[in-house]
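A.B. asks: What follows is a predicted protein model with its sequence.
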Amino acid sequence: MNIFVIMKRTFDTEEKIVIENGKIDEEDAEFIINPYDEYALEEAVVLRDEHGGEVTVVTVGEEEAEKELRTALAMGADKAVLIDMEDVDEEIDHYSISEALTAYFQDKEVDIILAGNVAVDDGAGQVGPRVAEKLGINQVTTITNINLQDRNVKIERDVEGDVEYVETSLPLLVTCQQGLNEPRYPSLPGIMKAKKKPLETLDLDDLDLEEEEMKAKTNTADRFLPPEKQAGKVLQGETKDQVLELVDLLRNEAKVI
């Protein structure tokens, strides 16, 4: 079985993030595998162990992403591919990334592609569905359980806190949600083996793509951190006076009534 995982290198949202001139200061930022992609990777390894085949993890980025790809190999992936965008002068977005990934998958024998439901740095959730649409294969998003029987697939997916049951078939792309599994940590033997596993780097020429084809369809006007929360207020006096003061604050300060 040919199993692929779409992975994204994201900054660690649990660490302090600095934004300067509308851009994230990457100098001091900590980068990790997008947490939702870890669910995809774990499920890919489980499917391989159950049904055979190999797991290839693919990312679109720059040379720095090799660190996260090696981590994915240490977690159980068999091969890794970096689609290198370092020499691309054009701004790229979800459209650009999906174009690159589609070009990569176009001549591959794909059984299943797994991706994270969203990336924690932008929460867009566009890349996986775009790739499935361009490849013309089935897609199911926000899955929390998957069961393969030959080419038939039974899936449970999260729908606003409820569960939807879906039956479909391979080839298939799924995006993975929290609750699907518990991602493993890289073991010491896994880390040692990862050093010898293949990591291939491709550029646009290898994919027969031109920079103009990668040009972003969207423009980010600005980025900013949410405002710091103000200290709460403790109302004093009799209950009647507190109610009157609360109503006044809601009307004139918070402006919600």
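C.D. replies: That came in fine, so what should we check first? Residues are numbered from 1 along each chain as shown.
A.B. asks: what residues are up against Phe224?
C.D. replies: Listed by CB atoms under 8 Å, 6 or more residues apart in numbering, the contact partners of Phe224 are 19, 22. Yep, even glycine has a C-beta here, placed from its N, CA and C like the rest.
A.B. asks: got it, and Ile19?
C.D. replies: Contact partners of Ile19, counting by CB under 8 Å, 6+ apart, are 25, 223-225.
A.B. asks: Report the next helix or strand after the helix or strand bottoming out on mean pLDDT in the chain in sequence order.
C.D. replies: Within the chain, confidence by mean pLDDT, DSSP states H and E is lowest for strand 23-24 among all helices and strands, at a mean of 78. Counting by DSSP states H and E, the next helix or strand C-terminal to strand 23-24 is strand 31-33.
A.B. asks: I'd like to know how far the nearest residue to Val45 once chain neighbours are set aside sits from Gly52.
C.D. replies: The spatial neighbour of Val45 that comes closest, neighbours along the chain excluded (CB to CB, 6 or more residues apart in numbering), is Gly76 at 3.8 Å. As judged by CB to CB, to the nearest Å, Gly76 and Gly52 stand 14 Å apart.
A.B. asks: Between these two, point out the one with more neighbours.
C.D. replies: A direct count of neighbours by other CB atoms under 10 Å for Gly76 and Gly52 places Gly76 higher, at 22 against 9.
A.B. asks: Domain parsing of the protein, as residue ranges.
C.D. replies: 2-214, 228-257 (automatic domain parsing).
A.B. asks: To what extent is the nearest residue to Glu86 once chain neighbours are set aside buried, counted in neighbours?
C.D. replies: Sequence neighbours aside, Glu62 is the residue nearest to Glu86 in space, at 4.5 Å (criterion: CB to CB, 6+ apart). Using other CB under 10 Å as the criterion, Glu62 is surrounded by 14 other residues.
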